[in-house]
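Participant: need a 3D model of the following:
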Amino acid sequence: MTESSANGKTEIERGTAGDIQQDRLRVAGIGAAVVGGILSLGLTLYAGRGNLSLLLQLLFAGWVVLPFVGLVLAHLRSNRWPSLARKALFAVTILIVLISLVGYGGIIGTPEGSPRAFAFVVVPGLSWGLMIVTLISSAILARRVGR
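Facilitator: From the prediction side, this is the model:
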């Protein structure tokens, strides 16, 4: 058994509390990504409701949902990642959900016939870029710090 620290918790108890916090962040991140993906898909289908091309609607829907699928997969595989990388993944998940919903939601009020596709093309690409930059930089920082 390990000795108690100044706050009265053993190393095992502190590790367990940290694991619980990380698990909660992971579950919250997965939930946020799923909800964000569903809402983004709904906004995409609503914005494209006048389009007669089913193929184009499916392509847009897939492109818009893909970053959220990537986020869920990243959260599912993040168990052994450094703590900093897991926290960065959670933060970038919340940021991408908010940016996506604001970007796609702003399109809804535009008049019929006006160009709407720009946000649905650009936001997913920017989301992937933000995810990649955040995760790579947090992994590099975690290695330098030694966590």
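
Participant: name the nearest residue to the residue nearest the centre of the chain, ignoring sequence neighbours.
Facilitator: The centroid of the chain falls nearest to residue 93 when counting by C-alpha atoms, centre = their mean (2.5 Å). Take residue 93 and drop its neighbours on the chain: the residue closest to it by C-beta to C-beta, 6 or more residues apart in numbering is residue 29, 4.6 Å away. In this view, the C-beta of every residue, glycine as well, is placed from N, C-alpha and C.

Participant: what strand or helix carries the one you found?
Facilitator: Using DSSP states H and E, the element containing residue 29 is helix 11-47.

Participant: next one: residue 107
Facilitator: Residue-wise, residue 107 maps onto no helix or strand under DSSP H and E.

Participant: correct me, but it touches residue 40?
Facilitator: No: applying C-beta atoms under 8 Å as the test, residue 107 and residue 40 come out as separate, 11.2 Å apart.

Participant: between these two, point out the one with more neighbours.
Facilitator: residue 40 (26 against 18; other C-beta atoms under 10 Å).

Participant: mind checking pLDDT for that one?
Facilitator: We have a pLDDT of 96 for residue 40.

Participant: does it touch residue 66 like I think?
Facilitator: No: when contacts are counted by C-beta under 8 Å, residue 40 is not listed as touching residue 66 (10.3 Å).
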